[in-house]
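>>> I'd like to go over a predicted model; first the sequence, then the structure.
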Amino acid sequence: MSENERMTTGAGAAAHLGDEVLEMCADRALAGAERAAAERHLAACPACRARLGEWQALFARLEALPEFAPAPGFADRVIARLRPAAAGAAAGAARAARPWVPWSLAWPHWVRRAWPVAAGAAAVWGAAFTAGLVWFARRWALGPAEVAGWALGELREAFWTGVVRVAAAFATAGVSPDPRWALATLVALVALALWGARVLYVHALHPRGTSSYA
Amino acid sequence: LNDTSGRDDRELVEAARAGDDRAFRELVRRFERPVFSLVYRLVRHRETAEDLAQEAFVKVYQNLDRYDPRYKVSSWIFKIAHNHAVDHLRRRRLETLSLEGSPYATDAEDREDSALHPAAPDESPEDEVAARELGGALERAIGRLRPEYRTAVLLRHVEGHAYEEIARIMDVPVGTVKTYLHRARAQLKEWLAPLREA
């Protein structure tokens, strides 16, 4: 299409501006001689001005369309989506930046992971053992000194002797005639068992969970 | 330096590239509405649009190193969002709302692309929100446009981008953008004419 054909439709001097030109005019996309020619024609032609008005009305409606907002907290949700990737990248960087140490001096990963599991298992075991001691002492009407002596004698070679001593002390208190000691023993045993169970849960069942033990 | 709101878009990209999370958050805050609006009008489903817009910003984050500072940040972000939404449309073929397909369709595939997929009678609340927001005559007419025409019109008239920027965002020549715009506007004018005359 030639410039003149694009500019005008119809025949002779009374020809009107083409639809495409009017559209470009409304979009302020004409420049130079083309724009000057269109403006001259429009100044003298009410019909083309009316058609231009139609385009301008359409563009005004389009430009008045609102921007929609996403639900509140959009940026937070984007950032949350970044975290797994960012955390993975940070972990990779930390591994890369870790200084080299001889294998015999470095704590292997499984050791660092295993100690809280072992501590938790010991706590649960200790609680169960102490409960058994209490039952044993009541069943045979043994005194605190006898139970403690037996328990300590049995376990003195054990690695976790310290934990068991505490548990045994609680157990001997459990057979004391003072009910306050019995209550304190019960509370301490439940707390110990819960703590051990939590450590086991976090480290053995959900080793990737975020935890202060990690 | 910590005040992100005073920095221009390129500075924010540079800071985000250097690991400044607050700068990236500010970038998201600046562009969340225009990006969401474009994607929403393309896919015409709020939840999907929000998901796609979030994924687009994640892509922006992952490609911070590839930003070319010769171009506007807005063009770069819109390009990522547009490509992501178009990929989704190609997969889902959810484009438009015309029963018989666009009269400008050149083949069967185009006609199918622009054909109406009527909503089920038991519309979800999500559909109702979209119907309320996009149910006006002009929004429905925009919804009938082919996706590339729709993008061109929205970028030009809602976001106010120059032809060259639209060409960069859509990855087509400027001449193609002009063709898209001309056809889109002609269709809109034709479809809206009966309402104007009524």
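Cool, the structure landed. Small disclaimer: the values here were computed from a predicted structure and weren't measured.

>>> how close does the closest residue to residue B:69 other than its chain neighbours get to chain A?
Ranked by C-beta to C-beta, 6 or more residues apart in numbering or on different chains and with sequence neighbours excluded, the top spatial neighbour of residue B:69 is residue B:10, at 5.7 Å. Heads up, the C-betas are built off the backbone N, CA and C, glycines and all. Look at residue B:10 and chain A: by C-beta to the nearest C-beta, to the nearest Å, they are 19 Å apart.

>>> you'd agree residue B:10 is up against residue B:71?
No - contact criterion C-beta atoms under 8 Å: residue B:10 and residue B:71 do not qualify, at 9.8 Å.

>>> helix or strand for the nearest residue to residue A:119 once chain neighbours are set aside, which one?
Among residues not flanking residue A:119 along the chain, residue A:199 sits closest, at 6.2 Å (C-beta to C-beta, 6+ apart). In this structure, residue A:199 sits in helix A:179-200 according to DSSP states H and E.

>>> let's verify residue B:19: helix, strand, or coil?
What DSSP: H, G, I helix; E, B strand; the rest coil gives for residue B:19 is coil.

>>> so how many other residues sit close to it?
Around residue B:19 there are 10 other residues, counting by other C-beta atoms under 10 Å in any protein chain shown.

>>> what residues does chain A have near chain B?
Counting by C-beta under 8 Å from any C-beta of the partner chain, the residues of chain A close to chain B are A:19-20, A:23, A:27, A:29, A:54-55, A:57-59, A:61-63, A:65-71, A:74-75, A:77-79, A:81-82, A:85.

>>> switch the cut-off to 7 Å
By C-beta under 7 Å from any C-beta of the partner chain, the part of chain A that sits against chain B consists of A:20, A:23, A:54, A:58-59, A:61-63, A:65, A:67-71, A:74-75, A:77-79, A:81-82.

>>> mind showing which ranges of chain A have poor pLDDT?
For chain A, the stretches with pLDDT under 70 are A:1-14, A:84-113, A:155-179, A:181-182, A:201-214.

>>> which residue packs closest to the residue of it found nearest chain B, ignoring adjacent ones?
Scanning chain A for the residue nearest chain B gives residue A:62, at 3.7 Å (criterion: C-beta to the nearest C-beta). Of all residues beyond its chain neighbours, the one nearest residue A:62 is residue B:157 (3.7 Å), with distances taken as C-beta to C-beta, 6+ apart.

>>> how much space between the one you found and residue B:165?
Per C-beta to C-beta, to the nearest Å, residue B:157 is found 13 Å from residue B:165.

>>> and if you look at residue A:30?
From residue A:30 across to residue B:165, the span is 19 Å (C-beta to C-beta).

>>> mind listing what residue A:146 touches?
Neighbour list for residue A:146: empty [criterion: C-beta atoms under 7 Å, 6 or more residues apart in numbering or on different chains].

>>> and the residue nearest to residue B:69, what element?
Under the criterion of DSSP H and E, residue B:10 resides in helix B:9-17.

>>> now that we're looking at the nearest residue to residue B:59 once chain neighbours are set aside, what pLDDT does it have?
Excluding the flanking residues, the one nearest residue B:59 by C-beta to C-beta, 6+ apart is residue B:80, at 5.1 Å. Here the pLDDT value assigned to residue B:80 is 96.

>>> wasn't residue B:80 part of a helix?
Yes - the assignment for residue B:80 (three-state DSSP) places it in a helix.
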